[in-house]
Structures are given as C-alpha cells and as structure tokens.
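Could you work out the structure for the sequence below:
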Amino acid sequence: MIEPCMVRDRKMTYSEALINIFISTKGKAIELDPETGKVYSTNSKNLSDRITITTSFDELGSRLFMIPKEKENSSFPSRPSFKKEKALKLNRSSWDISTSEPNVLVLDTPSFRIGTEGKWEKATEILRVDSKVKDFLGIQHRGGQMLQPWAKKKNPDPKKTAVNLSYKFEVKSVPAGTVSLAIEKPETFRISVNGNAVSSDSESGFWCDRSLRTISFSANFLKKGINEIAMECDYTEDHPGLEIVYLLGDFSVKVSGNKSTVSSPVRELKTGDWTKQGFPFYSGNMTYLTTANLKKTAKEKVFVKVPSYRGTAVAVYVNGEKAGITAWAPGEVDISNFVKTGSNDIRIEILGNRRNSHGPLHYFEKWPMWTGPGQYTSQDKNWTDDYNLVPCGLMENPLVVVRS
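Sure, this is the predicted structure:
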C-alpha cells in the first residue's frame, strides 16, 4: 500500500513505459496534447489482440491517447526530440519584483468586550471571540452544519449585544499615501484608527471577494509605535459573524510568533520563501524581473525552466508578451517565438494562493490532509497561537534552456 503524501512530493518519473491496451482495431494510436491542442503520432504497434504504446512520464505526468476504429489516411508528426541542450542559469543575488495587489497585514487577534458593562478581555483569535459572543447571547455557534446567515429566517426581535474589538500592532515606518481595511459587512461597524473615525462611506471596492469590502483612509492616521484599530458593532443573532480584518497597503510585514510589525516596503527579494522577506500574509501574484542576452537560430527552441517554486503555477513573460504558463513538471515554458537576439526582458510570475491570508492560520499542521471548519477552530494540541504559514515564492533560480 502506498502511503499518502503531498502531490509535490510525488517525484517518480518513467523514462520508458509500455502500455498494453487489449483491443483489436485497425486504427493507429495517436496522442492528444490538451495543453496545446496538437496531435502527435505514437511509438505503437497493432497486434492481433492488443495495441502496445511505448511512451514516458514526467513527475505527475499524464498522457491522452485516442485509437480510431478504422485506419486513417492522415498522418501526424512525432513529438519533437532534441539532441543538444545548453542552459543559462539566471543567477541573481536579489530580484527586482512587482506585485499584483497590495501587501497584507492580517488582524485576527483583538482584545474585546461583550456588552456595554462587560470587562475588556485579553487578545483572542477572532473566531473564538465570535463563539464567546454567541455563548453570551445563547445562540448556535458557526460550523459545517449551520444555515448560512443570508438563508436564515429573520427574527423580528433578535437577541443583541454591543461588541468592542481592539486590534493593536507595531509600525516602524509609516506607509505613504493611502491604506485600506478589508472587512466583511463594514456598514455594521463603527471604525477608528488611533482615535480617527473611518467611515464605511469611504468604501473603495473589494479585495479577493465581493463580500470583503475595502475602506480607504489616509496613512497619516498611522504612527510609529503601537497602533490601534478599534471596531464596535451591535451584534445580533442575524449578524453574519466576526471575521479576520485585513490592512492593505504599500508596506512590509514581519511576523514573530503571533505578533506583526509593519515597516517600509520591500522592492527586492532573494530566491526563496517570500513569507520571510516582508510578505508573510501576501497572497497575490509575485513577478520576478530580469534580463538575459540570448541568441537563437531557426533550428533551436528556447525554454524558461523553473525547477522549484511554491505557488499555484508560473507564468512567463518575454519582452512584454505572455509566453505561457506551467503548473507541472518539468516546469518549462517555450519562449522561442518571443525571443530576440540580444537583451531580452524576462518576467517570471509566481501565481499565489490565499492560504497565508485566509488560513487556516493557527492549525498545528502546516499542510493538513483536509481543510474544513474544524481546522479554523481547532483546540488543544491541534491549535497554535503562532501563525503557521506555508512557504511561497521562487525557491530555486530558473534557467534559460536552448535545445537543438
């Protein structure tokens, strides 16, 4: 029995694989390439009781074959093969970068007060605060079996209580321009930043999802040292619930345990995990910029190869045009049609994911085999107060590979 493992850890390759298909037909097997739409001939034989196909598989590789019932007159080319290869490693001590969206500070651990006469309680993860409010009101906790708030029948006289939240974080360098808060249902809150009122009327759009509205305010509301974002609401049994609040802007973030510090923005990254270089909660796309002097003949093909990255996929741009995208081994994009002799602008975009912004952020296991409501509200040994983040970024220097 094969032990379960992460997809990225499945490294087996097969330089030669023999496939037997027990079918009797006159048609010759052909291979379809879903990525490009091209059709290729195969190294196959039609025997009396079967068809044999000799092929190969990269890591996590798959092949799509079609076998016509009758012999066809049309012929297809073989997959291209190369005899010579030379590689140029794009070694950079640091990379100029560009981001697809603002950087993120996760605010998920406020001190809180329930009721106008209640006492302030120590900083607690926001979903646990939400459960405490529900206990105070005597209403059902959120969970996998709950009826969504928008589908629930409204109570004409709902139970309610005042709830105050106070998020505190350190700022070492005040960002320039404007910053934003991303909040679900901002109209249900009264918000202030270091005592300065922020109106939900300043809503400027959404981030990630239309339910997560953005409220812009001047970065001058922030200050060096400890900052406070205060939120107050009238929590009723019809309230959708308390969620993470996000601060968005042009800044860097450093995390230590469950404490975060905002500082001046980062414009360059080293090869490796971007969560340790000022972007712990960043979940957009990150583009690494470089140039390469290249020379290509008509008989050569040029590829950008990204041996190792952490993200959902990699897009490659050459001289301002999108050359292609790859999400599986061998991690290559054909850039032959976009290369010119001389200096070429190459941009390698790591497509991010929302794991480090939306969680689970405090589940003890970094890569759980399953993620559901329980991973966000785990208890005891399954919980960690520290942020448990996953690595993201360009983990190994890419190469430009020329094959002939």
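
which residues sit in contact with the closest residue to Pro398 other than its chain neighbours?
Distances taken as CB to CB, 6 or more residues apart in numbering place Val306 nearest to Pro398, at 4.7 Å, with adjacent residues excluded. Glycine gets a C-beta too; all of them are placed from N, C-alpha and C. Listed by CB atoms under 8 Å, 6 or more residues apart in numbering, the contact partners of Val306 are 314, 316, 326, 331-332, 348, 394, 396, 398.

ok, now with 7 Å
314, 331, 348, 398 (CB atoms under 7 Å, 6 or more residues apart in numbering).

From the residues you listed, which land in helices?
Among these, no member is found in helices (DSSP state H).

What about those residues, which one has the most neighbours?
Within these, Pro398 tops the neighbour count with 28 neighbours, counted by other CB atoms under 10 Å.

and the gap between Lys168 and Ile183?
From Lys168 across to Ile183, the span is 17 Å (CB to CB, to the nearest Å).

do the same with Lys301
Lys301 is 50 Å from Ile183, by CB to CB.

With neighbour numbers in mind, choose between the two.
It is Ile183, of Lys301 and Ile183, that has more neighbours when counted by other CB under 10 Å, with 24 against 17.

Mind listing the residues bridging to the closest residue to that one other than its chain neighbours?
Ranked by CB to CB, 6+ apart and with sequence neighbours excluded, the top spatial neighbour of Ile183 is Val245, at 5.4 Å. Beta bridges link Val245 to Leu107, judged by DSSP bridges.

residues touching Val245, list them.
107, 167, 181, 183.

average pLDDT for stretch 294-311?
Across stretch 294-311, the average pLDDT comes to 91.

And it, what's buried?
294, 296, 300-306, 309-311 (16 or more other CB atoms under 10 Å).

Dihedrals phi and psi, Gly284?
phi -90, psi -160 (degrees, to the nearest 10).

Check the gap between it and Gly393 for me.
With CB to CB as the criterion, Gly284 and Gly393 are 12 Å apart.

In terms of secondary structure, what does the longest helix belonging to the chain contact?
Among all segments of the chain classified by DSSP H, the helix with the greatest residue count is helix 126-137. Helix 126-137 is packed against strand 111-114, strand 160-171, with contacts defined by 3 or more CB pairs under 7 Å, 6 or more residues apart in numbering; DSSP states H and E.

all helices of the chain, in order?
126-137, 355-358, 373-376.

which of those helices is buried the deepest?
The highest mean neighbour count among these, using mean count of other CB atoms under 10 Å, belongs to helix 355-358: a mean of 20.

Give me the contacts around it.
Under CB under 7 Å, 6+ apart, the answer for helix 355-358 is 104, 106, 246, 275, 280-281, 283, 389-390, 392.

Go again with 10 Å.
104-106, 182, 207-209, 212, 243-244, 246, 274-275, 279-284, 312, 361, 366-367, 371, 376, 387-392 (CB atoms under 10 Å, 6 or more residues apart in numbering).

Now the buried members of the residues you listed.
Listed as buried from the contacts of helix 355-358 are 104-106, 182, 207-208, 212, 243-244, 246, 274-275, 279-284, 361, 376, 387-389, 392; burial here means 16+ other CB under 10 Å.

My guess is Thr290 contacts Tyr317. True?
No - using CB atoms under 10 Å, Thr290 makes no contact with Tyr317, being 11.2 Å away.

For those two, indicate the residue with more neighbours.
With neighbours defined as other CB under 10 Å, Thr290 and Tyr317 compare such that Tyr317 has more, 20 against 17.

in the chain, which residue is closest to the centre?
For the chain, Asn353 is the residue whose C-alpha lies nearest the centre (CA atoms, centre = their mean; 0.9 Å).

Just want to check the distance between the residue lying closest to that one once chain neighbours are set aside and Pro34.
Closest residue to Asn353 apart from its sequence neighbours, by CB to CB, 6+ apart: Thr312 at 5.2 Å. According to CB to CB, Thr312 stands 18 Å off from Pro34.

same deal with Ile350?
23 Å.

Can you show me the strands along the stretch 201-350 of the chain?
203-207, 209-218, 225-236, 245-249, 252-256, 259-263, 268-269, 286-294, 301-305, 309-310, 313-318, 321-326, 332-334, 342-351 (DSSP state E, counting those that start in this stretch).

domain assignment for this protein?
Following automatic domain parsing, the chain resolves into domains at 7-81, 83-100+273-404, 103-142+156-249.

sorry, back to before: wait, what's in contact with the residue nearest to Asn353?
So Thr312 contacts 285, 327, 350-355, 392 (CB under 10 Å, 6+ apart).

related to what we said a few turns ago, out of the contacts of Val306, flag the one nearest to Pro158.
Val314 (49.2 Å; CB to CB).
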